[in-house]
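Colleague: need coordinates for the following:
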Amino acid sequence: MVPRSATLALNESINARRAAGQDILHLGFGEAGLPVLPEIAAALAEGATENSYAPVAGTVRAREAAARYLSRRGLRTDTEQVILAPGSKALLYAAIAVLPGDVVLPIPSWVTYPAQIGFLGKRAIGVPIPRIAGGVPDPDLLEPALAKARQEGADPRILILTVPDNPTGTIAGADLIARVCEIADRHGMTIICDEIYRDLAYDPESMHSPATLLPHRTIVTGGLSKSMALGGWRIGFLRTPPGRAGQELAAQITGLGSEVWSCLAGPMQAAAVFAFDAPAEVTAHIAASRRLHASIARAAHTVFAKAGVACRAPQAGFYLYPDLELFRPALAARGIETGVALADHLLDEYGIGVLAGEHFGDTRESLRFRAATSLLYGQTADQRWEALGSNDPTSLPWIAAALDRLHTALQSLG
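Modeller: The predicted structure is shown next:
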């Protein structure tokens, strides 16, 4: 039996508790937590009559728009390099499926990667992240890990990076990415770089894609789930490397897609064209989203820091990855000795939902978890719009109350 995604399972569990009348502070789900921009809703409505099967890779118009979007980001992209699908998850799975070899992952990393790797009968080779940022393996540990994996019979030929990172909310810098790319190139590895949070980097100048360093070896994936808060619309893209190898890869992925998802829905392609062409409404909406995510994630980081909790400062999106090791004696006195036990305790005793680090590949004993701040913006569309337009969203009563509740729980735990 295939288990459900840990993030989706937690979200459904929390929603069930809320439906039963429980007051839950939801920090457990990576949804952007914002309303739909009216102009993109209108673009979707205009595409509602597009009910025919589209080409597997997407319509020329939609792929051209995605190529222009990527080119504006500094990745010169031809239309033929773009594949669209119902979400980047499907494209990640397809890329892992058609590429040869086993897969190297930074640890911790998004829960879906090892699950997909396992479904395909491949090995996941975890390498811890460095202290400064997540999303990439520590380059000092990467080469020894490759050697050990080969000694144990594995064939590490794919490397997944997440820039910016989920679950730590950080961005690997240029030097770090360059060191990892150099090792990957020397070992003939293909990089899959998940850049779904790229447009939510607080400082866009901090973004560096391995595709600019190893263009012939790097696949880039992304979509509109996070930047436009359209998770339920399932609009994802994949950019293949340039040249013949990229063309062959595109053919393999579209072949798989033709038998699995057929095509991205026509109305969604119309919405994608509007979003990727980035009219003023879209750029303003993303900028406001970025400011809100930064404001609340930084405020939550301050709460953790004041409680004495070690936590990397957020640099993108809406995630934090706190480490409550300092609280271990106090937690052990309550019978809490693992990350899952800590997450369960937070939910049962304080009504705070988080996802334990173990689900991201962390050790069972680690007292780390991922906290997502994006569902603190409000329970209604009106509250979320108000948060999005506020110059000081942390002062809004519902957000201030949520941060206070987190502070109180940490004080009690410690």
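Colleague: contacts, neighbours, all on C-alpha from now
Modeller: Noted.
Colleague: what's Ala356 sitting at in phi/psi?
Modeller: phi -60, psi 150 (degrees, to the nearest 10).
Colleague: counting neighbours, what do you get for it?
Modeller: 27 (other C-alpha atoms under 10 Å).
Colleague: now do the same contact list for it.
Modeller: 339-340, 342-343, 367-370 (C-alpha atoms under 8 Å, 6 or more residues apart in numbering).
Colleague: out of the residues you listed, which are inside strands?
Modeller: Using DSSP state E, 369-370 are the members of the contacts of Ala356 that sit in strands.
Colleague: any of the contacts of Ala356 buried? List them.
Modeller: Buried residues within these, counting neighbours by 16 or more other C-alpha atoms under 10 Å: 339-340, 342-343, 367-370.
Colleague: any idea of the pLDDT on the residue lying closest to Gly222 once chain neighbours are set aside?
Modeller: Here the nearest residue to Gly222 in space, its sequence neighbours aside, is Ile196; by C-alpha to C-alpha, 6 or more residues apart in numbering that works out to 4.1 Å. In this model, Ile196 is scored at 98, pLDDT.
Colleague: wait, a strand at Ile196?
Modeller: No: applying DSSP: H, G, I helix; E, B strand; the rest coil, one finds Ile196 to be coil, outside a strand.
Colleague: for burial, what's the neighbour tally of the closest residue to Gly231 other than its chain neighbours?
Modeller: Leaving aside its chain neighbours, Gly231 sits nearest to Ser225 (3.9 Å; criterion: C-alpha to C-alpha, 6+ apart). By the criterion of other C-alpha under 10 Å, Ser225 has 21 neighbours.
Colleague: then Asn391?
Modeller: 13.
Colleague: please apply the same query to the one 4 residues further on.
Modeller: By the measure other C-alpha under 10 Å, the count of residues near Ser395 is 12.
Colleague: what does Glu195 give?
Modeller: 20.
Colleague: quick check: it touching Ile160?
Modeller: No: using C-alpha atoms under 8 Å, Glu195 is not in contact with Ile160; the gap is 10.8 Å.
Colleague: what separates stretch 11-20 from the chain centre, distance-wise?
Modeller: 23 Å (C-alpha atoms, centre = their mean, to the nearest Å).
Colleague: buried residues of that stretch, list them for me.
Modeller: 11, 14.
Colleague: residues making contact with that stretch?
Modeller: With C-alpha under 8 Å, 6+ apart, stretch 11-20 has contacts from 23-24, 26, 28-29, 353.
Colleague: could you turn the buried ones of those residues into a PyMOL selection?
Modeller: Those of these that count as buried under 16+ other C-alpha under 10 Å are selected in PyMOL with:
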select buried, resi 24+26+28+29+353
